[in-house]
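> Quick one: sequence and predicted model below, then my questions.
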Amino acid sequence: MTLLQVDDLTAEQDCLYTLVIKHADGSREARVIGSIVDYVFAPDDPVAAIERMARPEVRIVSMTVTEGGYNFDQVTGEFVADNPAIRHDLAHPQAPTTIFGYLTAALKLRRERGIPPFTVMSCDNIQGNGHVARRMLVAYARLTGDEFADWIGSSVHFPNSMVDRITPVTTDADRAEVADTFGIRDAWPVVAEPFFQWVLEDEFGAGRPPWEQAGVQVVPDVEPYELMKLRLLNASHQAMAYFGYLAGYRYAHEAAQDPAIVSLLAGYMAEATPTLRPVPGVDLAGYQRELIERFSNPEVRDTLARLCAETSDRIPKWLLPVVRENLAAGRPVVLAAAVCASWARYAEGVDEKGAPIDVVDRLADRVTAAARRYPDDPAAFLRDPQLFGDLVDEPDFRLPYLAALKSLHEQGAAATLLTL
Ligand SMILES: NC(=O)c1ccc[n+]([C@@H]2O[C@H](COP(=O)([O-])OP(=O)(O)OC[C@H]3O[C@@H](n4cnc5c(N)ncnc54)[C@H](O)[C@@H]3O)[C@@H](O)[C@H]2O)c1
Ligand SMILES: O=P(O)(O)OC[C@@H](O)[C@@H](O)[C@H](O)[C@H](O)CO
């Protein structure tokens with residue numbers, strides 16, 4: 001295997017890359033994208049990155065740093081100040097490691113130089129991603145001084161957004177295909193499904209490109225779209241990932257073509273739907289059918305391993321809000337509880353044939369240790385307040401969770417899916 005650095009993007013191919021759209025019928029569309037004009041790898045040269053962000057022509061800083069990058073307590077929603085990376089950034093403002101250190105250093109420079117602030121545009125899969133980005137950045141800045149934090153809170157804009165296109169990890173096979181099919185030697189092609197949706201609030205302090213012309217929906221309130229996407233698409237990814245992996249599948253389309261998994265997804269989505277708001281112009285039943293079709297696209301070859309990673313940052317943000325709202329309204333949470341049980345079974349790190357599972361999660365040691373307390377302490381996995389809050393005390397959640405976990409152990413994933 002060739003080890004490629006993203007630096008190749010600048011050195012070898014002038015920041016151009018190929019976007020390959022993979023249709024379910026096997027046809028392909030390819031376009032060379034020229035929207036990246038330069039690239040600075042911040043860990044190599046933090047000061048250069050900060051200076052770049054401070055340039056007057058920079059008007060938007062967009063972020064795709066995954067759910068774990070926002071550093072908030074998943075139960076209280078509060079900024080976690082007691083984090084070694086945050087302590088490091090406060091002590092070394094010119095060599096930061098977190099987005100908060102970078103954004104703060106660049107905004108400070110702009111303010112000192114009389115340059116208006118940039119807009120911070122989160123593209124991550126977090127409910128209220130703009131609101132969360134604002135709250136967390138202001139909380140970080142407050143640790144450096146109240147006046148500066150207040151200035152960020154009142155001067156910097158943070159649009160909420162919903163970004164949707166299933167984009168798996170690029171493989172060597174993708175690179176080879178781009179060369180063979182399109183005659184393009186590209187170290188960093190991006191492959192994706194045909195569907196895309198980007199919904200954005202028009203909340204920019206210093207202007208923005210006319211993204212409507214490229215199909216972006218600019219709306220006054222993104223929340224209904226976010227709820228729909230995070231609770232139906234992303235949470236359904238979680239629903240099929242662990243059951244699918246334990247049942248022996250390795251690709252999303254394989255799992256999504258199994259009728260028992262389709263039933264699980266349909267059942268979970270029926271549980272989640274009452275927690276959504278009406279979405280302008282969207283028929284939610286049609287959206288759910290389309291999701292199963294999108295997941296089933298055999299060409300995209302999204303791996304379950306990608307969907308199974310960093311669960312500690314995903315299930316608490318996408319699935320547990322559905323559980324809490326349904327419990328509060330007296331509605332059932334049986335399938336959402338079973339999905340949590342499938343995570344617990346997966347987190348044990350050993351599959352149904354005794355083979356090891358590579359649990360990729362920043363809390364891997366902790367979740368695996370808790371999961372392995374089954375059967376001596378069957379609810380141990382739920383007794384992690386930072387992940388589950390007090391849900392372990394809710395019988396309507398705990399009992400279906402325990403039933404599904406017992407069945408996963410005694411019958412296996414395939415048989416459990418049939419009983420669900
Ligand atoms: N891939 C998709 O299908 C897709 C679709 C829509 C939205 N998104 C959003 O985009 C984000 C990125 O997706 P991706 O597929 O590019 O993921 P990825 O894992 O390929 O890339 C994530 C990047 O974030 C960086 N990162 C991780 N933790 C960080 C932290 N604490 N601080 C700063 N940087 C950090 C990583 O180094 C990596 O470069 C996702 O989390 C999701 O919110 C992804
Ligand atoms: O990338 P993450 O960590 O937010 O979540 C994994 C997938 O659910 C996600 O990448 C989806 O493929 C994407 O959100 C589809 O638009």
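Now that the structure is in, tell me what you want to look at. Residues are numbered from 1 along each chain as shown. Ligands and ions are numbered 1, 2, ... in the order given.
> Centre of the chain to stretch 62-70, how far?
Computed by CA atoms, centre = their mean, to the nearest Å, the separation of stretch 62-70 from the middle of its chain amounts to 8 Å.
> Is it in proximity to ligand 1?
Yes - applying CB under 6 Å from any ligand atom, one finds that stretch 62-70 is in contact with ligand 1 at 64, 65, 66, 67, 68, 69. Using the backbone N, CA and C atoms, a C-beta is placed for each residue, glycine as well.
> Which secondary structure state is assigned to residue 225?
helix (DSSP: H, G, I helix; E, B strand; the rest coil).
> so it makes contact with residue 162?
Yes - proximity of residue 225 to residue 162 meets the contact threshold set by CB atoms under 8 Å, at 4.4 Å.
> what touches both of those two?
197, 199 (CB atoms under 8 Å, 6 or more residues apart in numbering).
> out of the residues of stretch 62-70 next to ligand 1, which is most surrounded?
Of all those, residue 67 has the most neighbours under the rule other CB atoms under 10 Å, reaching 21 neighbours.
> and residue 340, what does it touch?
Residue 340 sits next to 315, 319, 323, 381, 382, 388, 401 when contact means CB under 8 Å, 6+ apart.
> switch to 7 Å and redo it
Shown in contact with residue 340 (CB atoms under 7 Å, 6 or more residues apart in numbering): 315, 401.
> So is stretch 22-29 next to ligand 1?
No - using CB under 6 Å from any ligand atom, stretch 22-29 never reaches ligand 1; the gap is at least 13.0 Å.
> swap in stretch 83-103?
Yes - with CB under 6 Å from any ligand atom as the criterion, ligand 1 is reached by stretch 83-103 at 98, 99.
> Report the mean confidence score over stretch 380-398.
Averaged over stretch 380-398, pLDDT sits at 97.
> Surely residue 352 touches residue 411?
No - using CB atoms under 7 Å, residue 352 is not in contact with residue 411; the gap is 10.0 Å.
> Which parts of the chain belong to which domain?
Annotated domains of the chain cover 1-39+168-199, 41-160+203-219, 223-419 [automatic domain parsing].
> from the ones you listed, which stretch is densest packed?
Highest mean neighbour count among the domains of the chain (mean count of other CB atoms under 10 Å): domain 223-419, with a mean of 19.
> Now do the contacts for the closest residue to residue 207 other than its chain neighbours.
Among residues not flanking residue 207 along the chain, residue 59 sits closest, at 6.0 Å (CB to CB, 6 or more residues apart in numbering). Neighbour list for residue 59: 118, 119, 206, 207 [criterion: CB under 7 Å, 6+ apart].
> The same query, at a cut-off of 10 Å, please.
Shown in contact with residue 59 (CB atoms under 10 Å, 6 or more residues apart in numbering): 116, 117, 118, 119, 204, 205, 206, 207, 208, 209.
> Out of the residues you listed, which one has the lowest pLDDT?
Within the contacts of residue 59, pLDDT reaches its minimum at residue 206, with 92.
> In three-state terms, label it for me.
Going by three-state DSSP: residue 206 is coil.
> Identify the residue nearest it in space, chain neighbours excluded?
In space, residue 206 comes closest to residue 59 once its chain neighbours are excluded; the distance is 4.2 Å by CB to CB, 6+ apart.
> what's the pLDDT at the one you found?
You'll see residue 59 listed with a pLDDT of 97.
> quick one: it and residue 117, what's the gap?
Distance of residue 59 to residue 117, given as CB to CB, to the nearest Å: 9 Å.
> what sits in contact with each of these two?
Counting by CB under 10 Å, 6+ apart, the contacts common to residue 59 and residue 117 are 205, 206.
> Residue numbers of the stretch 101-250 of the chain in contact with ligand 1?
Residues of the stretch 101-250 of the chain found near ligand 1 (CB under 6 Å from any ligand atom) are 123, 124, 125, 163, 164, 165, 166, 167.
> out of those, which touch ligand 2?
Counting by CB under 6 Å from any ligand atom, 125, 164, 165, 166 from these sit close to ligand 2.
> Got a quick ChimeraX command for the buried subset of these?
Applying 16 or more other CB atoms under 10 Å to those, the buried members can be selected in ChimeraX as follows:
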select :125,164,166
